[in-house]
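Student: requesting a structural model of the entry that follows:
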Amino acid sequence: MRFLTVFSAVEREGPPDAEEVAQMGKLIGEMAAAGVLQTTEGCQSTALGARVRRSGGRVGVTDGPFSEAKEVVGGFAILEVASKAEAIEWTKRFLAVAGDGEAEIRQLYDEPAFDASASTR
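Tutor: Coordinates of the predicted model:
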């Protein structure tokens, strides 16, 4: 079973420090060695992003930063695990390293909607 986990927290002012990077690197290594982690990424500041919204047939774009947001997406991971309970346990371990915030866990469909290895250029 594949699960997407999306981590949200109060936006940081800068990148993680060396200790935080080391702790997260250790956890990522453990998850990779266990065959659980398919991919993971952290997000840079919302000041570098944009929101695109469609409403009533109109499309609007808002450049970051998103000051009205109390919490923003800080990163994501895709896990391959045997159950939702296992995804929850790995996510608890992630939060112990990442700190305060919330992680939403969503089960993905069995077949990916896009397979980069099957596409042609």
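Student: in the protein, which spans are helices?
Tutor: Here the chain has its helices, by DSSP state H, at 18-33, 84-98.
Student: just those: most buried one?
Tutor: helix 84-98 (a mean of 16; mean count of other C-beta atoms under 10 Å). To be clear about C-beta, it is placed using only N, CA and C from the backbone, and glycine gets the same treatment.
Student: is it true that Phe76 touches Leu37?
Tutor: No. Assessed by C-beta atoms under 8 Å, Phe76 is found out of contact with Leu37, at 11.5 Å.
Student: look at those two and report which has more neighbours.
Tutor: Using other C-beta atoms under 10 Å, the more surrounded residue of Phe76 and Leu37 is Leu37, with 19 against 16.
Student: contacting residues for the residue lying closest to Ala98 once chain neighbours are set aside?
Tutor: Counting by C-beta to C-beta, 6 or more residues apart in numbering, Ala98 lies nearest to Phe7, which is 6.2 Å off, once chain neighbours are set aside. Neighbour list for Phe7: Val73, Gly74, Gly75, Phe76, Ala77, Phe94, Leu95, Ala98, Gly101, Glu102, Ala103 [criterion: C-beta atoms under 8 Å, 6 or more residues apart in numbering].
Student: ok, the residues you listed vs Asp17, which is closest?
Tutor: Ala98 (13.1 Å; C-beta to C-beta).
Student: among the helices of the chain, which comes closest to Gln44?
Tutor: The nearest among the helices of the chain, by C-beta to C-beta, is helix 18-33 at 14.4 Å.
Student: ok, now which ones touch Ser55?
Tutor: Contacts for Ser55 (C-beta under 8 Å, 6+ apart) come out as none.
Student: from Phe66, how far out is it?
Tutor: The gap separating Ser55 from Phe66 is 17 Å, by C-beta to C-beta, to the nearest Å.
Student: need the residue closest to the centroid of the chain.
Tutor: In the chain, the residue lying closest to the centroid (C-alpha atoms, centre = their mean) is Phe76, at 0.9 Å.
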